[in-house]
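Student: below are the sequence and a predicted model for it; my questions follow.
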Amino acid sequence: MIFNLTEFIIKKANLSGQDSQDPAVRARFGYLEGWISLGINFFIFLLKLGMGMISGSISIIADAVHTISDVATSAVVIWGFKIAQKPADKDHPFGHGRMEDIATLIIAVVLTLVGLELLHGAVLRIFKPIAVAGKPLFIIFLGITVVIKEWLARFSFYLGQKIKSKALAADAWHHRSDAISTILVIIAVIGSMFKVFWLDAFFGAIVALYIMFMGIQLVRESTFHLLGKAADKELIALIKKIALSVVGVEGVHDIIAHDYGQLKAISLHVEVDITLDSVRAHQIATSVETLIAKNIKSSPIVHIDLKRMIQEKKSDAAKMLDQVFKKYPEVINFHSFELLSNESGDFMSLHVVISKSMSVDQAHHLEHQLAESLNSNFKNRTINIHIEPCDSKCALCSLDCKDI
C-alpha cells in the first residue's frame, strides 16, 4: 500500500469523511492548506535567503523573495477564510467575502514593486557581473525545495478541488511557479560554478520579471472581482437548469450573479403562463429561489414574467408567409424568421430580401404593404420586418433563406 501524505494529513486534521461544502468544514480545509503552506514556505524562504547571502547570488535572493510572496499569499488565504466566516451585518448584507480580494490587491502591488527593484539590480549585474560562489551543496538544497514545492502545489490543488475554492487553486499555482523559478536558479548556480557569472544576473532578471508578472496578474484578478466580474458560463447554465426544473417555469432570462466570496447575490427572470393566478406565480418564484439557494450558496431573487402561449406553429406560419409573399414579385426571399412571445405580447420578426436596385422610397412602401398583408393573416401578433438588399456575393443566394 502506497503511503498518501495528503490523505494522512487530512485524517490527522479530523477532516476525513466531512461534508466539504459545509461552510465550517470548508473553512477548516482552508486553514489547513494555509497554515501548512505558510510554515513550509517560511522555512524554504530562510534556507534560500541564507544561501543567497552566503553566495552573493541575486538569482537565489530573487527566488527567496518569490517564496516569501507565497508566505504572504498563504497568510491571505488564512485571513480570507477567517473574514469570510463572519456573518452578514447591517453594513455588509452579503457578508465579508470580498475582503480577501482587497488584501490580495495590497500584496500584489507590493509584490510588483519588489520585483521591479530586483529587476533593476539584476540588470546592473548583467552589465557589471559580480563573482558568485556556486557550490554543489546549494544545488542539492535547491533541488530538495523544488520537490517540496511541487508536493505543496499538488496538496493545494487537491484541497482546492475538494472544497471548490479558487483561492486554494491560486495558492497552488504560486507554489508551482516557485518550483519552476527555482529550477532556473539551479541552472544559474551551475553556471556560476563554471565562472559564467552573467548567467546568475540573467536568470535573476527572469525570476524578477516573473514576480512582477505574478503581481500584475493578482492585481488584475482581484480588481476584476471588486469591480463586479460577470459570472462564468458554467454558473449561469447551472442557475438556468435549476430554474427550468421547477414545474411551471417556461423560460429563464436576464440572469445576474454577483460574487461575494462564499455567498452570491443572484437575480433572474422566469417566465410563466399568463393564465396563472398570482398565488401560483408566487409559489413558482418561491420554489425557484429555494432550489437555487439549496444548490448554490446564494441570496436569489426571482422576477416573474408572463409568457403568452404561441398560437401558431413556426412551420405553419412559414407556409402562410410563402403564400403572402407570392403576391409580391419584388420579394426575392426571406430569412431569420422568428416567433416571439413575452408579457408584452406576441411578435413576429423576419428579414425580407429585395433587389438592390430598388429605391429607398420603393422599399419603404413595400415594407408597409407587407406589414398590412401579414397583419391580416397574423392578427394576434406585432409584425417586425427588416428590409435588406440582395447581395450577389451573399452565400444566402445559393441557399433556401427560409431555412436560415
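Tutor: Sure thing, it's come through.

Student: what are the phi and psi values at the residue of the chain most remote from its centre?
Tutor: Within the chain, the residue lying farthest from the chain centre (CA atoms, centre = their mean) is residue 327, at 52.8 Å. When quoted as degrees, to the nearest 10, the phi and psi of residue 327 stand at phi -80, psi -10.

Student: correct me, but it touches residue 372?
Tutor: No - taking CB atoms under 8 Å as the contact criterion, residue 327 and residue 372 are not neighbours in contact, 11.6 Å apart. From N, CA and C alone the C-beta is placed, and that goes for glycine too.

Student: what number of residues lie near the nearest residue to the residue farthest from the centre of the chain once chain neighbours are set aside?
Tutor: Among residues not flanking residue 327 along the chain, residue 373 sits closest, at 7.2 Å (CB to CB, 6 or more residues apart in numbering). Around residue 373 sit 17 other residues, with neighbours defined as other CB atoms under 10 Å.

Student: next, name the residue at the spatial heart of this structure.
Tutor: residue 232 (5.0 Å).

Student: from residue 266, how far out is that residue?
Tutor: Distance from residue 232 to residue 266, counting by CB to CB, to the nearest Å: 13 Å.

Student: quick one on the thing from earlier: so who does the residue nearest to the centre of the chain touch?
Tutor: Residue 232 makes no contacts at all, as judged by CB atoms under 8 Å, 6 or more residues apart in numbering.

Student: swap in residue 109?
Tutor: Taking CB under 8 Å, 6+ apart as the definition, contacts of residue 109 comprise 215, 219.

Student: again with the one 5 residues further on
Tutor: In this structure, residue 114 makes contact with 65, 69, 211, 215, judged by CB under 8 Å, 6+ apart.

Student: mind running it again at 6 Å?
Tutor: With contact taken as CB atoms under 6 Å, 6 or more residues apart in numbering, residue 114 is in contact with residue 65.

Student: mind checking which helix or strand it is in?
Tutor: Per DSSP states H and E, residue 114 falls inside helix 99-127.

Student: over to residue 386?
Tutor: Using DSSP H and E, the secondary-structure element containing residue 386 is strand 382-389.

Student: okay, now the sheet partners of that strand, with direction.
Tutor: Taking DSSP bridges as the criterion, strand 382-389 forms sheet pairs with strand 345-354 (parallel).

Student: show me where the stretch 201-350 of the chain has helices.
Tutor: With helices called from DSSP state H, counting those that start in this stretch, the stretch 201-350 of the chain shows them at 233-244, 278-295, 314-325.

Student: so is residue 70 in a helix, a strand, or just coil?
Tutor: Assigned with DSSP: H, G, I helix; E, B strand; the rest coil, residue 70 falls in the helix class.

Student: quick revisit: worst mean pLDDT among the helices of the stretch 201-350 of the chain?
Tutor: Looking over those, mean pLDDT reaches its minimum on helix 314-325, with a mean of 78.

Student: least trustworthy helix or strand in the chain by mean pLDDT?
Tutor: Comparing helices and strands within the chain by mean pLDDT, DSSP states H and E singles out helix 99-127 as the least confident, with a mean of 73.

Student: just to revisit the earlier point, how near is the residue nearest to the centre of the chain to residue 239?
Tutor: According to CB to CB, residue 232 stands 11 Å off from residue 239.

Student: got it, and residue 275?
Tutor: Here the criterion is CB to CB. By it, residue 275 lies 26 Å from residue 239.

Student: show me which of those two is the more surrounded one.
Tutor: Neighbours were counted for residue 275 and for residue 239 using other CB under 10 Å; residue 239 has more, 25 against 9.

Student: tell me the phi and psi of residue 356?
Tutor: Taking degrees, to the nearest 10 as the convention, residue 356 sits at phi -70, psi -10.

Student: separation between it and residue 362?
Tutor: The gap separating residue 356 from residue 362 is 12 Å, by CB to CB.

Student: list the buried residues for the longest helix belonging to the chain?
Tutor: Longest helix in the chain, counting residues (DSSP state H): helix 23-55. Using 16 or more other CB atoms under 10 Å as the test for burial, helix 23-55 gives 26-30, 32-34, 36-38, 40-42, 44-45, 47-49, 51-52, 55.

Student: any idea of the mean pLDDT in it?
Tutor: Mean pLDDT, helix 23-55: 88.

Student: now do stretch 248-261
Tutor: For stretch 248-261, mean pLDDT rounds to 82.

Student: likewise for stretch 337-346?
Tutor: The predicted confidence, averaged over stretch 337-346, sits at 69.

Student: what's the answer for stretch 137-144, then?
Tutor: Average pLDDT, stretch 137-144: 87.

Student: kindly export that stretch (C-alpha atoms) in CSV.
Tutor: Below are the C-alpha coordinates for stretch 137-144, written out as CSV (Å, rounded to 0.1, in the frame of the first residue of the first chain):
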residue,chain,number,x,y,z
LEU,A,137,25.6,21.8,-1.8
PHE,A,138,23.4,24.7,-2.9
ILE,A,139,22.2,22.7,-5.9
ILE,A,140,21.2,19.8,-3.6
PHE,A,141,19.3,22.1,-1.2
LEU,A,142,17.6,23.9,-4.0
GLY,A,143,16.6,20.6,-5.7
ILE,A,144,15.0,19.5,-2.4
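
Student: what about that stretch, distance to the chain center?
Tutor: Chain-centre distance of stretch 137-144: 38 Å, with CA atoms, centre = their mean, to the nearest Å.

Student: repeat for stretch 349-369
Tutor: Going by CA atoms, centre = their mean, the spacing between the C-alpha centre of stretch 349-369 and its chain's C-alpha centre is 45 Å.
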